[in-house]
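S.K.: A structural model of the following input is requested.
(one chain, ligands or ions: 1)
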Amino acid sequence: MSDEPRIEPATGAEAAEIAEIYAHHVIHGTATFEIEPPDAAEIAARMERLHAAGMPWLVARDAAGVLLGYAYAGRYHTRAAYRDTVENSVYIRHDKLGQGLGTRLLGALLEECEARGVRQVIAGIAATEPSSVALHAKAGFVEVGRLRSVGRKHGKWIDVLYMQRALGDGDTSPPAEEPG
Ligand SMILES: CC(C)(COP(=O)(O)OP(=O)(O)OC[C@H]1O[C@@H](n2cnc3c(N)ncnc32)[C@H](O)[C@@H]1OP(=O)(O)O)[C@@H](O)C(=O)NCCC(=O)NCCS
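M.R.: Numbers count the residues shown, from 1 in each chain. You can find the predicted model right below:
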C-alpha cells in the first residue's frame with residue numbers, strides 16, 4: 001500500500017472529521033477568525049453550499065484512512081462579475097503539520113479550480129501564520145495587500161495579508177463566456 005496520502009473530493013459524511021480538524025485551529029490558532037468551533041451539521045451545510053455552487057472541497061487521507069487535512073475554494077464574492085475569482089482555504093490536522101500535506105492539498109485544489117475555469121485565486125491569511133504565508137508563496141501566490149489590525153483574537157490585533165495567484169490564462173484572455 002502506498003504511503004502517499006489519497007486526495008479526493010469530500011462528502012458530507014466526512015463533516016464530523018473535518019469539524020474536528022477545524023475546531024483545533026479555531027480554538028488554538030489565528031488562521032481563522034471564528035472563535036466558536038462550528039459543529040458537524042454546520043460544516044456539512046457549508047460543504048453543501050460549496051458543492052451546489054460547483055466549487056471543490058478536497059480531503060487527504062493516509063493509508064489507514066485517517067483524515068489528514070482538507071482544502072476548499074468558494075466564490076470570492078457572489079456578485080456576477082466576480083464569477084471567475086475564488087478564495088481558498090487549507091487546514092491540516094494539528095499533529096500532521098509541516099509534512100508537505102498542505103502543499104499537496106493546495107496543489108490539487110488549484111488543479112480543480114483551473115479545471116473549472118477559475119482565473120484568479122485569493123488567500124486571506126492572518127499575518128500571524130507564517131506557515132500559511134510560506135505555503136501560498138511556494139504555490140506561486142504573491143502578496144497584493146495587507147489590512148492592518150482587522151482581526152482580534154487571543155488578545156492580539158491581527159493583520160490580514162491578501163495573496164493572489166492567477167490560473168490558466170489569468171487575465172490574458174477573456175473567459176469562455178462573459179458573466180451574466
Ligand atoms: C498552513 C498549512 C495549511 C500548511 O500546511 P503544512 O502541511 O503544514 O505545510 P507544508 O508542510 O506543505 O509546508 C509548506 C511550506 O511552508 C513552510 N512552513 C511550514 N511550517 C512553517 C512554519 N511554522 N514557519 C515557516 N514556514 C513554514 C514549509 O517550510 C514549506 O515550504 P518548503 O517546502 O519550501 O520548506 C498548515 O500549517 C495549517 O493547517 N495551519 C493552520 C491553519 C492555516 O493557517 N490554514 C491556512 C488558512 S488559508
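S.K.: contacts, neighbours, all on C-alpha from now
M.R.: OK.
S.K.: Tell me where the chain has helices.
M.R.: With DSSP state H, the ranges of helices along the chain come out as 15-28, 40-52, 101-115, 130-138.
S.K.: For residue 175, which of those is the nearest?
M.R.: For residue 175, the closest of the helices of the chain is helix 101-115, at 12.0 Å, according to Cα to Cα.
S.K.: Show me what that closest one is in contact with.
M.R.: With contact meaning Cα atoms under 8 Å, 6 or more residues apart in numbering, helix 101-115 is reached by 7, 55-60, 68-73, 90-92, 135, 139, 167-168.
S.K.: quick one: residue 104 from residue 23, how far?
M.R.: Counting by Cα to Cα, to the nearest Å, the separation of residue 104 from residue 23 is 22 Å.
S.K.: ok, the two, which is more surrounded?
M.R.: A count of neighbours by other Cα atoms under 10 Å puts residue 23 above the other of residue 104 and residue 23, at 19 against 16.
S.K.: what's the more buried one in contact with, if anything?
M.R.: Residue 23 neighbours (Cα under 8 Å, 6+ apart): 37-38.
S.K.: From the contacts of helix 101-115, list the ones also adjacent to the ligand.
M.R.: Restricting the contacts of helix 101-115 to those adjacent to the ligand (criterion: Cα under 6 Å from any ligand atom) gives 90-92, 135.
S.K.: Buried members of the contacts of helix 101-115 into PyMOL, please.
M.R.: In PyMOL syntax, the buried subset of those is picked out as below (16 or more other Cα atoms under 10 Å):
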select buried, resi 7+55+56+57+58+59+60+68+69+70+71+72+73+90+91+92+135+167
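S.K.: need the contact list for the closest residue to residue 146 other than its chain neighbours.
M.R.: Excluding its sequence neighbours, the residue lying closest to residue 146 (Cα to Cα, 6 or more residues apart in numbering) is residue 161, at 4.4 Å. In this structure, residue 161 makes contact with 123-127, 143-147, judged by Cα under 8 Å, 6+ apart.
S.K.: which one of the helices of the chain is the most hemmed in?
M.R.: Counting by mean count of other Cα atoms under 10 Å, helix 101-115 has the highest mean neighbour count of those, with a mean of 20.
S.K.: circling back: the ones next to the ligand among the contacts of helix 101-115 into a markdown table, with extra columns for pLDDT?
M.R.: Putting those into a markdown table (pLDDT from 0 to 100) gives the following:
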| residue | pLDDT |
| --- | --- |
| 90 | 98 |
| 91 | 98 |
| 92 | 98 |
| 135 | 98 |
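S.K.: Looking at those, which are in strands?
M.R.: Mapping those onto strands (DSSP state E) picks out 90-92.
S.K.: Against the ligand, how distant is residue 81?
M.R.: 23 Å (Cα to the nearest ligand atom, to the nearest Å).
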